[in-house]
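I would like to see how this sequence folds:
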Amino acid sequence: MKFLYYLRSQKSSSFIFLYVIILLISVGDLIFFIKTHQFLLAFIDVLACYAFFLLPIFFFKKHLKLYSWILLPVILLAPFNALSIIIFNVPINDATVLLIMNTNYGEVLELMNGYYLIFVCSLLVYCSLYFLLIFKMPNRISVKSAAFISIISISILCLLPFASFSKFSYFEKLKGTLYFVFPTSIIYAGVVVYKQNQLMNNSKNERNKFTFQAKQVTKLSGSQVYLLIIGESSRFGNWGINGYKKKTSPFLSQRTNFLSFSNATSGGFITEFAVPLILTGVGADHFETHFKQKSIVSTFKEAGFTTYWITNQIDEGHIKIHLEEADKKKLLLSDFKSTKYLHRDMELVEALKKILAEPAEKKFIVMHTLGSHYDYSARYPDEFDLFKPSNKSIFTQSSDYINKNIIINSYDNSILYTDAVIDLSIKLIALQNTYSSVTYISDHGDNLFDDSRNLSQHGYPYPSKYISHIPYFVWYSDSLRKKFPEKIENLRKHVNARISSENIIHTFTSIGNVWYPKQDSSKNIASPYFKGNQQRILGANMKVYNCNSLK
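You can find the predicted model right below:
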């Protein structure tokens, strides 16, 4: 109570202005915790924010204005954090930093469309109020008051860890408290990303020396083609073939030799995490070990396949180190400045057609698509605009839950288009009359205003069940079925088993008749010894969640 008394009773108005500046900094996190009904965390967050920023007051007791000017960078960031929470329900975190680093200019324009004025106005209001407060603020505070405020602040910071009942140590809980307070949360996010990049760079030699010791165990007469299609933001529940009310998969629903697995989950809530987990199978709990090893690309490469990577995404960071394993790369980066967009996945199918015409007898291909990445309506041409009204004709902001039916229709049209892309890819490979298989798995799903939280897209720091539950399809050629009938039968038996992206490398290599010493039959869906996966997903701040416990 004495602390509150000092906050109210300064003879000068010094602190009242500084209090408002700190409130401007903390308001974003306060809104986030209130919106998510985490009221105790809201109180702790604001308390920690005030204690953190009032702690240095003793050292600036004669220079309050100088201290306030030092806070300018934080003030400039604060409206972006607040609006990210208000509009997208997402505080800035390590995933946000990765998305900023690895998202192309066109995708940023799509996401921000309709919000520019709001951001500019908010920044102007923040800065105007900030400058007004500094102008009004006296430059000094008494030594006694400054000492008291700093002592109380450090006492609060020291006591905050006791508000947590976790099993972590005192200092780990203290760090955790500060990591979730803006702006130290951004510093923490930057440090996480920096450390990961350092680990990737430092592990390069170890990764280069890594070998699976892979080989094909059975000689096959004739050519072989194995295609791994990695989808983007595709939800299990919006596929007609999976029981969705709309007919979003008319082509694949008619396919023979085709399986859709009902209980597959993603390993990561954003592409940057999910794709390396698909490629390496290390599992969400051991994500950082993917730096030290190679991927499924190299298993096929060691077994004598010519390997290809085709993409229309910006595959940087965690993904790039495994892209580089491929013998040949075709990077169809989106050109948002021209009138002819290269942002539709049929461009990848054209690249696939050229690869299939090459003379190599054994081919393994990774196709990384844009799929259903927002802006959904930009992912498909007009002829696939079946479900209306959509964003092809009606503009909505990406988080406009009032018009969610328009956004959902646009999303479903992107699924319809993906259905055609996968089907045509299968058709091209089937025409080769080879031992062949096509696997499709999405990196993660997407939120579509599914519950009272009204979440959209997938940047929310805590994954939802709509993010984790993903489509997983397998097609196989007649020649492959005849050669390995037991593997196909095992796939069919496990169509409803608990599966995650961790299973892909063990399963797809087995389907491709590739063996390596660490290939795990308990993780191989084509094996009679397969056991259901534990289904874990990596969220923001490198926290791992059980998929069956997600909302």
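
Based on its surroundings, how many neighbours for Ser479?
For Ser479, the tally of surrounding residues (other Cβ atoms under 10 Å) stands at 15. Just so you know, the C-beta spots here come from the backbone N, C-alpha and C atoms, and that holds for glycine as well.

wait, it sits on Thr434?
Yes - Ser479 lies in contact with Thr434 (Cβ atoms under 8 Å); the separation is 6.9 Å.

what residues do these two have in common as contacts?
Listed contacts common to Ser479 and Thr434 are Gly222; contacts here mean Cβ atoms under 8 Å, 6 or more residues apart in numbering.

Could you verify that Lys320 is part of a helix?
Yes - checked against DSSP: H, G, I helix; E, B strand; the rest coil, Lys320 lies within a helix.

contacting residues for it?
Neighbouring residues of Lys320 by Cβ under 8 Å, 6+ apart: there are none.

now the one 5 residues further on
Contact partners of Glu325, counting by Cβ under 8 Å, 6+ apart, are 294-295, 297-298, 301, 307.

quick one: low-confidence ranges for the chain?
Flagging of the chain using pLDDT under 70 yields the residue ranges 1-15, 93-114, 165-166, 333-343, 459.

Let me see the ranges of the strands in it.
Using DSSP state E, the strands of the chain run over residues 215-216, 224-231, 258-265, 306-311, 328-331, 362-368, 435-442, 447-448, 456-457, 469-476, 499-500, 514-515, 536-538, 544-546.

buried sites along stretch 236-244?
For stretch 236-244, burial by neighbour count (16 or more other Cβ atoms under 10 Å) applies to 236-242, 244.

What lies in contact with that stretch?
246-250, 252-253, 260, 262, 264, 411-412, 415, 419, 445, 448, 466, 469-471.

Show me just the buried residues among those residues.
246, 248-249, 252-253, 260, 262, 264, 411-412, 415, 419, 445, 448, 466, 469-471.

how close does the closest residue to Gly231 other than its chain neighbours sit to Ile149?
Of all residues not flanking Gly231 in the chain, Ser442 sits nearest, at 3.7 Å (Cβ to Cβ, 6 or more residues apart in numbering). Separation of Ser442 from Ile149 (Cβ to Cβ, to the nearest Å): 52 Å.

ok, now which ones touch the nearest residue to Gln432 once chain neighbours are set aside?
Among residues not flanking Gln432 along the chain, Val225 sits closest, at 5.8 Å (Cβ to Cβ, 6+ apart). Contacts for Val225 were tallied using Cβ under 8 Å, 6+ apart; they are 356, 363, 365, 429, 432, 434-436.

Looking at these, which one is closest to Val191?
Val191 has its nearest neighbour among those in Ile365, at 36.9 Å by Cβ to Cβ.

Is that closest one bridged to anything, and to what?
Leu227, Tyr308 (DSSP bridges).

Isn't it up against Leu228?
Yes - under the criterion of Cβ under 8 Å, Ile365 makes contact with Leu228 at 7.1 Å.

higher neighbour count, the two?
Counting neighbours by other Cβ under 10 Å for Ile365 and for Leu228 shows that Ile365 has the greater number, 28 against 24.

From Tyr115, how far out is Ile402?
Between Ile402 and Tyr115 the distance is 16 Å, computed by Cβ to Cβ.

These two: which has the busier surroundings?
Neighbours per residue (other Cβ under 10 Å) separate Ile402 from Tyr115, with Tyr115 holding more: 16 against 10.

mind putting the buried residues of stretch 236-244 in JSON lines, distance to Val90 included?
Below are the buried residues of stretch 236-244 laid out as JSON lines (distance: Cβ to Cβ, whole Å):
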{"residue": "Phe236", "distance to Val90": "22"}
{"residue": "Gly237", "distance to Val90": "22"}
{"residue": "Asn238", "distance to Val90": "22"}
{"residue": "Trp239", "distance to Val90": "26"}
{"residue": "Gly240", "distance to Val90": "30"}
{"residue": "Ile241", "distance to Val90": "31"}
{"residue": "Asn242", "distance to Val90": "27"}
{"residue": "Tyr244", "distance to Val90": "26"}
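
Run through the residues that contact Glu232.
Taking Cβ under 8 Å, 6+ apart as the test, what Glu232 contacts is 271, 313, 368-373, 442-443.

oh, I was asking about Ser414
Contacts were defined as Cβ under 8 Å, 6+ apart; by that measure Ser414 touches 371-372, 376-377, 379-380.

Spatially, which two of these are the most separated?
Gly371 and Ser377 (13.5 Å).

Isn't the residue nearest to Gly231 up against Pro471?
Yes - using Cβ under 8 Å, Ser442 is in contact with Pro471, at 5.6 Å.

so what sits against both of those two?
Common neighbours of Ser442 and Pro471, using Cβ under 8 Å, 6+ apart, are 231, 234-235.

Turn the buried ones among these into a named PyMOL selection, would you?
Command for PyMOL that selects the buried part of the shared contacts of Ser442 and Pro471, burial taken from 16+ other Cβ under 10 Å:
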select buried, resi 231+234+235
